[in-house]
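> structure here, sequence nowhere to be found:
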């Protein structure tokens, strides 16, 4: 092929070259403008960096001033809290205060076991004249109802609410037998009913305590020779077994521990391992937390033992608006908010029942 055929138009080639040269000239003229623009942007950027640095320094000064002010407030507040802790003790505003003073009186002989408070602190179950078990709503001055139990000449010596508040454990004694009853309380769907959980001849049952999920009941068992033991009976199976020697058992809320009294001293047993820790002289232990319990002292006061410390921290519990009389027993409701108090004044033959809350 001839060159004329491959490049038919010589004018086109010359025009293209001229356009390229013109474009290169424009680029050369534009380069100084781009450099000036870059230099201007660089100066603006440096100026903004300096402004940000000055703002940061001012912020640090304010932050240091704020930190100093917060440190002063925290220190001063800490001192105030420390003074309040010293003045109010470990309970502070959580110390129980009596809400219902002397709501009823019971015969003093064994009165500690004759009354108990339901889980949310609204209903009291009690034994009247050792022959009848009744319930009473705290909002009503009159008894709420009578628990149906057999009338065969026995006397009722102890009553205990289940943790779910739907059942009662009742101890009955006759001349020959001791019985542990479970009473299913009436509700909108069913009437009340009863079940004989345990019957034994020649022994005396006392102080029933429901386990965490109400699947068993611990109680004290005293033989004719005076031996005191703590036994457990299952509420879902026909089984019972001995746990330890002692009396007045009380399950911890989480079921890990069992508090009881042996030789006038409060003890705590780790149920799984069987390890036992003695605390102090006292009676009627009752749990106000998974790792904390209270008990009454021989001089009629309440002490709390915190078991999550080694050795356990044991201190007197202040109770506001407490009336006269030595405390025989202080029993926490299952919600650990309300406290059933049994008191006795010197020279009196009856015990006073009061309710405290925190």
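All right, it came through fine. All figures in this text were calculated on a predicted structure; none of them were measured in a lab.
> sketch out the low-pLDDT regions of the stretch 151-300 of the chain for me.
For the stretch 151-300 of the chain, not a single residue meets the criterion pLDDT under 70.
> please enumerate the strands of the stretch 101-250 of the chain.
Under the criterion DSSP state E, counting those that start in this stretch, the stretch 101-250 of the chain contains strands at 115-117, 123-128, 132-137, 145-147, 155-161, 167-173, 177-184, 193-201, 203-210, 216-223, 228-234, 240-245, 247-251.
> format these as JSON lines; extra columns: distance to residue 298 and mean neighbour count.
(Glycine included, C-beta is placed from N, CA and C.) Output for the strands of the stretch 101-250 of the chain, formatted as JSON lines (distance: least, CB to CB, whole Å; neighbours: other CB atoms under 10 Å):
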{"stretch": "strand 115-117", "distance to residue 298": "21", "mean neighbour count": "22"}
{"stretch": "strand 123-128", "distance to residue 298": "25", "mean neighbour count": "22"}
{"stretch": "strand 132-137", "distance to residue 298": "30", "mean neighbour count": "17"}
{"stretch": "strand 145-147", "distance to residue 298": "33", "mean neighbour count": "16"}
{"stretch": "strand 155-161", "distance to residue 298": "22", "mean neighbour count": "21"}
{"stretch": "strand 167-173", "distance to residue 298": "25", "mean neighbour count": "23"}
{"stretch": "strand 177-184", "distance to residue 298": "28", "mean neighbour count": "20"}
{"stretch": "strand 193-201", "distance to residue 298": "31", "mean neighbour count": "14"}
{"stretch": "strand 203-210", "distance to residue 298": "18", "mean neighbour count": "22"}
{"stretch": "strand 216-223", "distance to residue 298": "19", "mean neighbour count": "21"}
{"stretch": "strand 228-234", "distance to residue 298": "18", "mean neighbour count": "19"}
{"stretch": "strand 240-245", "distance to residue 298": "21", "mean neighbour count": "14"}
{"stretch": "strand 247-251", "distance to residue 298": "14", "mean neighbour count": "22"}
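> out of the ones you listed, nearest to residue 96?
strand 115-117 (12.6 Å; CB to CB).
> what lines up beside that closest one in the sheet?
strand 123-128 (antiparallel) (DSSP bridges).
> relative to strand 177-184, how tilted is the partner strand?
150 degrees (axes from the mean of the first three to the mean of the last three CA atoms, to 10 degrees).
> name the residues that touch strand 123-128?
Applying CB atoms under 8 Å, 6 or more residues apart in numbering, the set of residues contacting strand 123-128 from outside is 103-104, 106, 114-118, 133-138, 144, 147, 156-159, 161, 168, 340, 353, 355.
> who's in contact with residue 161?
Residues near residue 161 by CB under 8 Å, 6+ apart: 116-119, 125, 167-168, 210, 333-334.
> next one: residue 316
Taking CB under 8 Å, 6+ apart, we find residue 316 in contact with 301-304.
> between those residues, which has the most around it?
Within these, neighbour counts (other CB atoms under 10 Å) peak at residue 302, which reaches 23 neighbours.
> now the residue nearest to the spatial centre of the chain, which residues is it bridged with?
With distances taken as CA atoms, centre = their mean, the residue of the chain nearest its centroid is residue 289 (5.4 Å). On the basis of DSSP bridges, residue 289 is bridged to residue 292.
> narrow the contacts of residue 316 to those in strands?
302-304 (DSSP state E).
> quick one: which of the strands of the stretch 101-250 of the chain is nearest residue 282?
strand 247-251 (9.9 Å).
> direction-wise, compare that closest one with strand 228-234 and give the angle.
Angle of strand 247-251 versus strand 228-234, following the same axes, to 10 degrees, is 40 degrees.
> next SSE after strand 247-251?
Where DSSP states H and E defines the elements, the next helix or strand beyond strand 247-251 is strand 257-262.
> what's the first helix or strand after that next one?
Downstream of strand 257-262, the next assigned helix or strand under DSSP H and E is strand 265-270.
> what residues sit buried inside that following strand?
Across strand 265-270, burial judged by 16 or more other CB atoms under 10 Å covers 266-269.
> of those, closest to residue 320?
Among those, residue 266 lies closest to residue 320 (CB to CB), at 24.1 Å.
> that closest one reaches residue 259, doesn't it?
Yes - because the distance of 6.4 Å satisfies CB atoms under 8 Å, residue 266 is recorded as touching residue 259.
> what does stretch 252-266 rub up against?
Counting by CB under 8 Å, 6+ apart, stretch 252-266 makes contact with 211-213, 218, 228, 230, 243-251, 267-272, 278-287, 289-291, 293, 295, 305, 307, 334, 336, all of which sit outside it.
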